[in-house]
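Trainee: prediction below, plus the sequence it came from.
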Amino acid sequence: MVSSADNQQLLQLLAAAERCSQVLAAALLDGQPDRVAASAVDMQHASTALSGVLQGAQRGGGKVGQALQQRLRRLGQELALQREACLRRSAFVDRSLNSIIPASRSMTYCGSVTSPYGKQARSSGAFGRISA
């Protein structure tokens, strides 16, 4: 079992990570990129600290209780859902951008023969043959 001091620290870090997860979920729902970025950084710091304490407890041979394991699983599931929400938001933005700017569908430097903005540039022939 994890020591009492480690258990208290673990509970505090887990509560902080859960709060960060709730803030991140609210930011994702609002769709404000600045809030999402800031809350994602906070979530990363909280989860890194939590991971460090859990790894230290594991190296010490300690085990966490059943209730703590359930909370950790729930937090992991929330993070998976938030990751999926970020991927969906990204796909939505990409589709919106493609509808506004059709040329963004192709790569920048490997254009086709014709594009929505005119013909592709042709070589002048000035450097037809290069020898070394």
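Mentor: Good, I have the coordinates.
Trainee: use CA for all of it now, contacts and neighbours both
Mentor: Will do.
Trainee: can you name every helix or strand that the longest helix anywhere in the chain contacts?
Mentor: Counting residues, the longest helix in the chain under DSSP state H turns out to be helix 66-100. Helix 66-100 sits against helix 4-30, with contacts defined as 3 or more CA pairs under 8 Å, 6 or more residues apart in numbering; DSSP states H and E.
Trainee: redo that, cut-off 10 Å
Mentor: Packing partners of helix 66-100 (3 or more CA pairs under 10 Å, 6 or more residues apart in numbering; DSSP states H and E): helix 4-30, helix 33-59.
Trainee: just want the angle from it to helix 33-59.
Mentor: 150 degrees (axes from the mean of the first three to the mean of the last three CA atoms, to 10 degrees).
Trainee: about what we covered before: Leu75 is nearest to which of the helices and strands packed on helix 66-100?
Mentor: helix 4-30 (6.6 Å; CA to CA).
Trainee: sorry, back to before: what is the mean pLDDT for the longest helix of the chain?
Mentor: Averaging pLDDT along helix 66-100 gives 90.
Trainee: low pLDDT regions in this structure?
Mentor: Residue ranges of the chain with pLDDT under 70: 1-5, 102-132.
Trainee: quick one, what contacts the residue most central in space within the chain?
Mentor: Centroid-nearest residue in the chain, with CA atoms, centre = their mean: Arg83, separated by 6.1 Å. Arg83 sits next to Gln77, Arg89 when contact means CA atoms under 10 Å, 6 or more residues apart in numbering.
Trainee: if I look at it, how far off is Leu10?
Mentor: 24 Å (CA to CA, to the nearest Å).
Trainee: and for Cys86?
Mentor: With CA to CA as the criterion, Cys86 and Leu10 are 28 Å apart.
Trainee: so the two - more neighbours on which side?
Mentor: The neighbour comparison of Cys86 against Leu10 (other CA atoms under 10 Å) goes to Leu10, with 22 against 15.
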